[in-house]
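>>> Any chance you could fold what I've pasted below:
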Amino acid sequence: MKIIKPVKGKYPQISKDCFIAENATIVGEVFIGKQCSVWFNAVIRGDVHFIKIGNKVNIQDGAVLHATFQKSPTTIGNNVSIGHNAIVHGCTIHDNVLIGMGSIVMDDCVIESNSIIAAGAIVTKNTHVESGSIYAGVPAKKIKNISKELISGEINRIANNYVEYSSWFKE
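Numbers count the residues shown, from 1 in each chain. From the prediction side, this is the model:
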């Protein structure tokens, strides 16, 4: 059974067209835009600071979104995919970004638009990922610039696919 509940009087605000899996957890000051999906075992904890999620964002199975108490909220733009078992904590992710499976994005990081964080990467505190970059490794470093093909072939494709996948569960 999904858990959607207030914390300290702040209740999650979720657009009506979103798919929220039966065992997802969303608590506290959380805002979720249109055409989003929150998949199985994902946790979005807006208990210590707010979490704002744009439109057409997918938070895949087992991902965790949290913030830092009274210091660093989590803000996610539009057309973002957060891969399976990723951790996104107290950071800002702009539009058109892919956060790879099992990666970690730490406090006060900024991931600019049209970027990819590779699977398993650890983006350490205060890292600024410039627009159009691919970051990988531990700690994550820029490995190359992103091509237009990767923007349309991966970032946009995955975000669009998850809108379709979520429709299967709404029927």
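>>> could you point out the longest strand in this structure?
Criterion DSSP state E: the longest strand present in the chain is strand 43-53.
>>> which strands and helices sit next to that one?
strand 25-32, strand 64-66, strand 74-76 (3 or more CB pairs under 8 Å, 6 or more residues apart in numbering; DSSP states H and E). The C-beta positions use only the backbone N, C-alpha and C, and glycine is treated the same way.
>>> so where's the protein uncertain?
For the chain, residues meeting the criterion pLDDT under 70 lie at 171.
>>> how does it look with 80?
Within the chain, the stretches with pLDDT under 80 are 1, 171.
>>> and the longest helix for it?
helix 157-170 (DSSP state H).
>>> And the helices in this protein, which stretches?
Going by DSSP H, the chain shows helices at 148-150, 157-170.
>>> which residues touch the residue lying closest to residue 56 once chain neighbours are set aside?
Take residue 56 and drop its neighbours on the chain: the residue closest to it by CB to CB, 6 or more residues apart in numbering is residue 35, 4.5 Å away. Residue 35 makes contact with 15, 17, 18, 55, 56, 163 under the criterion CB atoms under 8 Å, 6 or more residues apart in numbering.
>>> Try it again at 7 Å.
Contact analysis of residue 35 by CB atoms under 7 Å, 6 or more residues apart in numbering lists 17, 55, 56, 163.
>>> Quick check: of these, which lies closest to residue 73?
residue 55 (18.0 Å; CB to CB).
>>> any idea how far the residue lying closest to the closest one once chain neighbours are set aside is from residue 53?
Closest residue to residue 55 apart from its sequence neighbours, by CB to CB, 6+ apart: residue 33 at 3.9 Å. Separation of residue 33 from residue 53 (CB to CB, to the nearest Å) stands at 6 Å.
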